[in-house]
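Q: Just a sequence and a predicted model for now, questions to come.
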Amino acid sequence: MRTLLPHAELRDIALRPAATARVWLGAGMPLETVAVPGVALAAGDALVAVELSTICGSDVHTARGDRPSPMPAVLGHESIGRVIALGDGGAQTVDGGDLRVGDRVVWSVTVSCGTCDRCASGMTQKCRSLAKYGHERIEPRWELTGGFASHVHLRRGTAIVRAPESLPAAVLAPASCATATAWAAVARAGRELDGVPVRVYGAGLVGLTAAAIAADLGARVTVVDPSDERRRLAERFGAEPGAGVGAPKVVIEASGHAVAQAIDEVDVGGTVVLVGSVFPAAAVALDAEDVVRRLITITGVHNYGGADLSAAVGFLAGRGRAYPFGDVVGAVHPLADADAALAAAAAPGAPLRIGLTPR
Ligand SMILES: [Zn+2]
Ligand SMILES: [Zn+2]
């Protein structure tokens with residue numbers, strides 16, 4: 001929890017009409033509408049008016065009560081919006097540029113201190129005083145903490161990335177979760193992937209995005225998913241049809257359900273990147289002798305650093321335009337219908353993302 005600054009150091013911003021947050025009060029409870037008439041911005045903070053938020057699978061898990069989460073909370077950590085106010089002294093983008101009112105931006109899931117040993121080593125997503133959008137108990141002076149709202153109060157220590165005006169909001173909203181996480185997962189496998197057989201488990205948005213990023217680096221990508229429809233979609237994201245030939249040199253496990261297979265089938269000297277195991281599941285037996293003898297690397301990726309988010313936006317704005325990221329949002333609901341939107345996102349056969357818009 002952040003230490004509140006003395007009030008004199010905060011810049012009060014009145015909102016007329018008041019900002020709206022849809023607040024989650026626990027599994028099975030309808031979201032409550034809370035009016036937020038103003039915010040107090042500290043130095044380095046920014047207030048963003050949300051253009052579009054998308055509902056991630058982890059919001060669905062939280063809302064259903066599949067995993068413990070603090071409440072009351074404003075869910076949502078995938079958003080695109082526009083800066084409407086800044087704390088005294090302004091705020092900066094992740095690359096050190098000055099943020100301006102009117103900038104269209106995406107921002108990291110995490111808020112980091114920037115000074116602890118983990119932040120200093122580049123592991124900002126594991127900061128010792130971490131906060132996460134969409135995952136915090138709301139508190140006085142920090143109510144607008146998630147994307148299920150008309151505005152989000154970005155705190156100093158958030159990686160903020162300017163987003164191109166030309167890209168649709170539906171492409172950009174998932175950048176701060178799926179795209180940046182996929183970027184970090186592929187980076188962990190190494191970016192020398194030209195001609196390398198890569199297998200991706202799970203054709204959710206992280207898996208599909210990882211497929212596209214790897215394919216763009218020249219990898220020969222196969223995607224494994226129980227859904228025929230999703231496997232066909234994966235081909236539009238750069239995957240080759242079928243199971244591929246031979247053992248993959250890199251396996252990206254983005255489903256959380258195929259960890260044992262991923263470790264089993266990776267080639268000698270290969271790397272398994274675990275990124276989908278973000279919910280409680282049975283432990284997987286590990287044959288240590290097999291890991292040793294086959295010289296394999298098993299590594300985990302959770303969230304990402306600011307540079308990954310910046311690179312992810314760069315990818316979406318550049319070479320990523322070759323892939324159908326514009327099709328991932330199947331429906332957009334008004335913020336007032338956030339309960340229906342959550343239900344739609346949780347339904348069997350749901351599109352990759354459901355959007356929420358305050359307008
Ligand atoms: Zn997410
Ligand atoms: Zn830190």
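A: That came through, no problem. Numbers count the residues shown, from 1 in each chain. Ligands and ions are numbered 1, 2, ... in the order given.
Q: Provide a list of residue ranges in the stretch 251-359 of the chain with pLDDT below threshold.
A: The stretch 251-359 of the chain contains no residues with pLDDT under 70.
Q: Contacts only, for the closest residue to ligand 2 within it.
A: Residue nearest to ligand 2 within the stretch 251-359 of the chain: Gly305 (11.6 Å; Cβ to the ion). To be clear about C-beta, it is placed using only N, CA and C from the backbone, and glycine gets the same treatment. Gly305 makes contacts with 122-125, 159, 184, as judged by Cβ atoms under 8 Å, 6 or more residues apart in numbering.
Q: With Gly76 instead?
A: Neighbours of Gly76 in contact, by Cβ under 8 Å, 6+ apart: 53, 55-56, 59, 133-134, 146-149, 356.
Q: Restrict those to those that also contact ligand 1, please.
A: Cys56 (Cβ under 5 Å from the ion).
Q: Counting neighbours, which of the contacts of Gly76 comes out on top?
A: Among the contacts of Gly76, the one with the most neighbours (other Cβ atoms under 10 Å) is Ser53, at 34 neighbours.
Q: tell me the secondary structure for it?
A: Of the three states, Ser53 takes strand under DSSP: H, G, I helix; E, B strand; the rest coil.
Q: for this structure, which strand is longest?
A: Among the segments of the chain that qualify as a strand by DSSP state E, the longest is strand 11-23.
Q: what's next to it, contact-wise?
A: With Cβ under 8 Å, 6+ apart, strand 11-23 has contacts from 31-42, 47, 72-75, 85, 87-88, 138, 143-144, 146, 148-151, 335, 338, 358.
Q: try stretch 185-192
A: With Cβ under 8 Å, 6+ apart, stretch 185-192 has contacts from 193, 198, 206, 210, 213-214, 217, 250, 252, 254, 271, 273, 275, 299, 301, 308.
Q: Closest to ligand 1 out of the residues you listed?
A: Out of the contacts of stretch 185-192, the member with the shortest distance to ligand 1 (by Cβ to the ion) is Val206, at 8.4 Å.
Q: I'd like the average pLDDT over the helix or strand containing that closest one.
A: With elements taken from DSSP states H and E, the one containing Val206 is helix 205-216. When pLDDT is averaged over helix 205-216, the result is 98.
Q: Please save the CA atoms from the helix or strand following it in CSV.
A: For helix 205-216, the following helix or strand on the C-terminal side (DSSP H and E) is strand 220-224. Output of strand 220-224 as CSV, limited to C-alpha atoms (Å, rounded to 0.1, in the frame of the first residue of the first chain):
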residue,chain,number,x,y,z
ARG,A,220,8.4,-22.2,-37.7
VAL,A,221,5.5,-22.0,-35.3
THR,A,222,2.9,-24.7,-34.5
VAL,A,223,0.1,-24.0,-32.1
VAL,A,224,-1.7,-26.7,-30.0
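Q: So which residues make contact with strand 220-224?
A: 195-203, 207-208, 211, 214-215, 230-231, 234, 237-240, 242-244, 248, 258.
Q: Within the sheet, what are the partner strands of that strand, with directions?
A: strand 197-201 (parallel) (DSSP bridges).
Q: Tell me what angle the strand it pairs with forms with helix 205-216.
A: Using axes from the mean of the first three to the mean of the last three Cα atoms, to 10 degrees, the inter-axis angle of strand 197-201 relative to helix 205-216 is 170 degrees.
Q: So what does Gly330 have for phi and psi?
A: As for Gly330, its main-chain torsions (degrees, to the nearest 10) stand at phi -80, psi -30.
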